[in-house]
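>>> test case, fold it:
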Amino acid sequence: MAVKRRRGAGEEAGEMAADGGGGAGLPGGSGPGAEAGTSARAGAEPSADAETGLPASLETAWGLRERPSKGPRPGLSLDRIVRAGIGVAAAEGVGAVSMGRVAKELGVSTMSLYRYVSAKDELYVLMEDAAVGPPPPMPADVTGWRAGLEWWARAQREVFHRNLWLLRIPVSSPPASPHSLQWMERGLAALAGTGLDEGRKISVIMLIGGYVRNEATLMADLDAAMTARGLTPDEVMRRYERTVDALTAPDPGRYPALRHLLASGALGAPDESPDVEFEFGLGCLLDGVEVLVRSGGGGTCTA
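Next up, the predicted model:
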């Protein structure tokens, strides 16, 4: 994003519209380009709009295009297709989602889906947008840029924790779906009055959003691994402490920092709540942003 910010605003806006999905660090992280709208099977209706660059299904989500009229299969609609995709992803993982699998879930032919969605990547974007939903109303007692970004980050984290399958969809484009832009708007609005220029604001929300997504992914991965092994977090850390001790004890001079950590007992201490770890990291990031704000936005986040 920092590289794109130095390019012409018109060129960047065109790229964002063409990609059509979510952005790194924002709920909704994949996106077919305008090319995806032209990748439909022969005879399919959806195609990229020349003005917006969005596939037809995303234009429909924005209310810029009428929904396809009902085909020969009664009750089939874009909404039903998206809901079926979400159901498969939630139950079996994103890897199980395919046009054929969704069609089977709906009891229709695979080709009938291409009247509404041109490709699986496009379906991913629509699934994300539906699952993420709009940002919740900001509480009245949340005031100031820092409290606003704290609320924004925590709300995103809740979305990911409710829909862990979202974390398995690759981030491939800036946001352009309805709800992802609403989340982006809320993050930018929190920085109003900070004195940061628009490019810095984008950098800040990408930084915070990226942290949220990474933390949620890491916690989901660790939880899945521990569940598969039948271990608690404390058991995992105690085993890890013993492993590190065994590997570093023969040559303590090579690992003085690790030996000091082991001697402190911190490595094998009862694991803190994931919420505590998340708040610690978020606080550190916002401390850096505060330095940037105090500097007038022209420098880097260094004290």
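
>>> buried stuff in stretch 95-107?
Buried positions in stretch 95-107, judged by neighbour count with 16 or more other CB atoms under 10 Å: 97, 99, 101-103, 105-106. All C-beta atoms are positioned from the backbone trio N, CA, C, and that covers glycine.

>>> same question, stretch 237-256
237-238, 241, 244, 248, 255.

>>> so of these, which ones are in helices?
Residues from the buried residues of stretch 237-256 lying in helices, with DSSP state H as the criterion: 237-238, 241, 244, 248.

>>> would you mind measuring from the closest residue in space to Leu261 that isn't next to it in sequence to Tyr211?
Of all residues not flanking Leu261 in the chain, Leu267 sits nearest, at 5.5 Å (CB to CB, 6 or more residues apart in numbering). According to CB to CB, to the nearest Å, Leu267 and Tyr211 sit 23 Å apart.

>>> between these two, who's got more neighbours?
With neighbours defined as other CB atoms under 10 Å, Leu267 and Tyr211 compare such that Tyr211 has more, 19 against 16.

>>> what secondary structure does that one sit in?
helix (DSSP: H, G, I helix; E, B strand; the rest coil).

>>> could you check the pLDDT of it?
Looking at Tyr211, its pLDDT is 97.

>>> that one touches Glu279, doesn't it?
No: checked against CB atoms under 8 Å, the pair Tyr211 and Glu279 is beyond contact range at 11.6 Å.

>>> need the helices for this protein, in chain order.
Under DSSP H, the chain gives helices at 2-5, 9-19, 34-37, 56-62, 78-92, 99-106, 110-113, 120-132, 145-162, 178-190, 198-229, 233-248, 256-264, 274-294.

>>> single out the most deeply packed of these.
Neighbour counts (mean count of other CB atoms under 10 Å) averaged over each of the helices of the chain peak at helix 120-132, with a mean of 25.

>>> compute the inter-axis angle for it and helix 99-106.
Calculated by axes from the mean of the first three to the mean of the last three CA atoms, to 10 degrees, helix 120-132 forms an angle of 50 degrees with helix 99-106.

>>> now helix 120-132: average pLDDT?
pLDDT averaged over helix 120-132 gives 92.

>>> now do stretch 181-191
On average, stretch 181-191 scores 96.

>>> likewise stretch 61-79?
Stretch 61-79 carries an average pLDDT of 69.

>>> end to end, how far does it reach?
Stretch 61-79 has an end-to-end distance of 10 Å (CA to CA, to the nearest Å).

>>> please renumber the chain so that the first residue is 108 from this point on.
Got it, the first residue is 108 from now on, which makes the last one we talked about stretch 168-186.
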